[in-house]
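S.K.: Model the following, please.
(chains A and B)
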Amino acid sequence: MEKIVSLSKRRGFIFQSSEIYGGLNGCWDYGPLGVELLNNVKQAWWRSMTFRENIEGIDAAIIMHPKVWEASGHVENFSDPMVDCKQCKARYRVDILLDELSLKKKKEILREIEPQKFSGQISDEKIHARFSELSADEKKLPELLQKFIPCPNCGNKQTFTEARQFNLMFKTFVGPVEDTNNVVYLRPETAQGIFVNFLNVQSASRQKLPFGIAQIGKAFRNEINTKNFLFRTREFEQMEMQFFVKPGSDDMWFEYWREERMKWFLELGMKPEKLRWHKHEKLAHYAKGAFDIEFEFPFGWGEIEGIHNRTDYDLSRHEQYSGKSMKYFDEETKEKFTPYVIETSVGASRSFMAFLVAAYDEEKVPTGEGGEEVRTVLHFHPQLAPVKAAILPLVNRDGMDTIARNLTQELHKSFRIFYDESGAIGRRYRRQDEIGTPYCFTIDSQTLQDQTVTVRERDTMKQERIALTSVKKYLSEKFV
RNA sequence: GCGGGAGUAACUCAGUUGGUAGAGUCACAGCCUUCCAAGCUGUUGGUCGCGGGUUCGAGUCCCGUCUCCCGCUCCA
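M.R.: Numbering: from 1, shown residues only, chains lettered A, B, ... in the order given. Reported below is the predicted structural model:
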């Protein structure tokens, strides 16, 4: 991981945000190559999703009406009460603290609090039910925490602070006056911008169910901990598509999109053994079914995409909170109903990192002198590679550099190209390997005679000769 | 959030009992070079993460703080 962080900095993929001021926790900037790679990832996704008849794109505002987040459940569910242990300084989410107690322990606690109700034989279900009632009771919760629950870290009782609200949404104000009436949130997910525009998009684009709306955009979560380079950051980018279907067909479409999305990663060069499905056992408040695509990072498996069956939860809630109908009318069957939603939600920043990690390799290769050495190479899929080709004059004389410069200018019209004339040719190849450039074209003395150039391929390091005039065509074929 | 490690040139790292900040790589200019990083000459680049303190004097000792990495914890 450190090697990748170091390469990212050295070659200009990722810089730490505000580095000259000591950095800001969990914020990162994309450098010249990073932004190319990120754009290529986003473009590959956008093309695969919206170059279809039944998916439209939008770009909604980051700041939305505060009611949106009440309707979505974020105000309610996204703020977790936390307690700190005064003894050992550990911090816990209250719901998790309570959840982790064993059934036996819960029974003991209930017997002590309400002996008249829980003295005899009591079913497990009843215990769970009563216990979650108590957990949700704001008056009883402090007593519960203080008296009965020890700190899982240090084991001490009565060391917890009062439960405090930690809202994971970034709060700010509309207008110059910082008044509670003006509070708005930076969106913690892009999905709601799609839901609230569902009928606008549907009627403007004359779409019929089933159809989807795609969006790429930044979202913000005031995470407690940031971690693992780009994996958990407070500002991140999502690539989301919400697919609206008729209730009853949702399971079928859920499976369809699971397959499609896995295929996308594989087609962009991900190795199957580096990807796996993770099924959510504990479902979020909105979901009927949820699968994650996980990637094996150096620090372990981590989610890069979620595919969820969100049911009609979001549209119904918006209908309820806004008072506007969110229903769809099917002209064919003359039915009116609230569509179900299948969501595919990829982390752009996370998949960026996954593609970077997956591409990174250190290979042993023979040297010109018959020895062996290590080359660092990024095996990006050509479509994702930040630089598509390098143009190299073998030596800077006899007009080779002029030919190379002219070729560079010509290709720049269609591709991102890198011209390099400094250092030995082997060194220049290695530089390109390190940033994942798939092809190098070398202008040599033979070019002067017969107008051909050497193409050197990144992964195999093999070379072939093609006509100078066909370089553009050669590249075009590779990047379709 | 807890525990451990680390912050010195763009990168990787030296830096002695506290006494004038170093190397290699990279980059840049030039020379040399006809296909897989290593030749020659020169050059740029550092308030030693930041802020205090002790001292005649701090990269070095003390306190605070920020950031990154690893392991736990957590991730509707």
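
S.K.: Kindly provide the distance from residue A:385 to residue A:316.
M.R.: 44 Å (C-beta to C-beta, to the nearest Å). In this view, the C-beta of every residue, glycine as well, is placed from N, C-alpha and C.

S.K.: The stretch 101-250 of chain A against RNA strand B: which residues are in contact?
M.R.: Neighbours of RNA strand B within the stretch 101-250 of chain A, by C-beta under 7 Å from any atom of the strand: A:153, A:188, A:189, A:224, A:225, A:226, A:227, A:228, A:229, A:232.

S.K.: now with 10 Å?
M.R.: Taking C-beta under 10 Å from any atom of the strand as the contact definition, the stretch 101-250 of chain A meets RNA strand B at A:152-154, A:168-169, A:188-189, A:191, A:219, A:221, A:223-234, A:238.

S.K.: Among those residues, name the buried ones.
M.R.: Applying 16 or more other C-beta atoms under 10 Å to these, the neighbour count classes A:168-169, A:188-189, A:191, A:219, A:221, A:226, A:228-234, A:238 as buried.

S.K.: Which residue is the nearest non-sequential neighbour of residue A:40?
M.R.: Nearest-residue entry for residue A:40: residue A:384, 4.6 Å, with adjacent residues in sequence omitted and distances by C-beta to C-beta, 6 or more residues apart in numbering.

S.K.: give me phi/psi at the one you found?
M.R.: The phi and psi values for residue A:384, taken as degrees, to the nearest 10, are phi -90, psi -20.

S.K.: now, which of the residues of the stretch 101-250 of chain A next to RNA strand B lie within helices?
M.R.: residue A:191 (DSSP state H).

S.K.: residues touching the closest residue to RNA strand B within the stretch 201-350 of chain A, list them.
M.R.: Closest contact between the stretch 201-350 of chain A and RNA strand B, by C-beta to the nearest atom of the strand, is at residue A:229 (3.8 Å). Shown in contact with residue A:229 (C-beta atoms under 8 Å, 6 or more residues apart in numbering): A:1, A:4, A:5, A:14, A:28, A:353.

S.K.: Okay, now the unreliable bits of the stretch 251-400 of chain A?
M.R.: A:368-371 (pLDDT under 70).

S.K.: wait, residue A:279 sits on residue A:291?
M.R.: Yes - taking C-beta atoms under 8 Å as the definition, residue A:279 is a contact partner of residue A:291 at 5.6 Å.

S.K.: So these two - more neighbours on which side?
M.R.: residue A:291 (20 against 8; other C-beta atoms under 10 Å).

S.K.: Report the contact partners of the more buried one.
M.R.: A:258, A:277, A:278, A:279, A:280, A:306, A:307, A:308.

S.K.: now the second one: how far from residue A:205?
M.R.: Looking back up the chat, that one is residue A:277. From residue A:277 to residue A:205 the distance is 32 Å (C-beta to C-beta).

S.K.: ok, those two, which is more surrounded?
M.R.: When residue A:277 and residue A:205 are compared for neighbours, residue A:205 comes out ahead with 14 against 11, by other C-beta under 10 Å.

S.K.: pretty sure the more buried one is in contact with residue A:55, am I right?
M.R.: No - using C-beta under 8 Å, residue A:205 is not in contact with residue A:55, being 9.8 Å away.

S.K.: Now do the helices in the stretch 101-250 of chain A.
M.R.: A:103-113, A:124-136, A:141-148, A:191-195, A:198-205, A:250-267 (DSSP state H, counting those that start in this stretch).

S.K.: Summarise which helices and strands the first one is packed against.
M.R.: Put plainly, it is helix A:103-113. Applying 3 or more C-beta pairs under 8 Å, 6 or more residues apart in numbering; DSSP states H and E, we find helix A:103-113 packed against helix A:124-136, helix A:141-148.

S.K.: Least reliable of these by average pLDDT, please.
M.R.: Least confident of those, judged by mean pLDDT, is helix A:141-148 with a mean of 66.

S.K.: Could you work out the end-to-end span of stretch A:45-58 for me?
M.R.: End-to-end distance of stretch A:45-58 (C-alpha to C-alpha, to the nearest Å): 14 Å.

S.K.: Rounded mean pLDDT for that stretch, please.
M.R.: For stretch A:45-58, the per-residue pLDDT averages 94.

S.K.: List the buried residues in it.
M.R.: In stretch A:45-58, counting by 16+ other C-beta under 10 Å, buried: A:45, A:46, A:48, A:49, A:50, A:55, A:56, A:58.

S.K.: and the residues you listed as CSV, adding distance to RNA strand B?
M.R.: Shown next, in CSV, are these (distance: C-beta to the nearest atom of the strand, whole Å):
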residue, distance to RNA strand B
A:45, 19
A:46, 22
A:48, 23
A:49, 20
A:50, 23
A:55, 22
A:56, 23
A:58, 19
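
S.K.: Sitting in helices, which of these do you find?
M.R.: The members of the buried residues of stretch A:45-58 that map onto helices under DSSP H are A:45, A:46, A:48, A:49, A:50.

S.K.: list the contacts for the last one?
M.R.: The contact partners of residue A:50, by C-beta under 8 Å, 6+ apart, come to A:56, A:57, A:214.

S.K.: mind listing the strands for the stretch 301-450 of chain A?
M.R.: A:328-330, A:335-337, A:340-347, A:360-366, A:372-378, A:389-393, A:417-419, A:439-443 (DSSP state E, counting those that start in this stretch).
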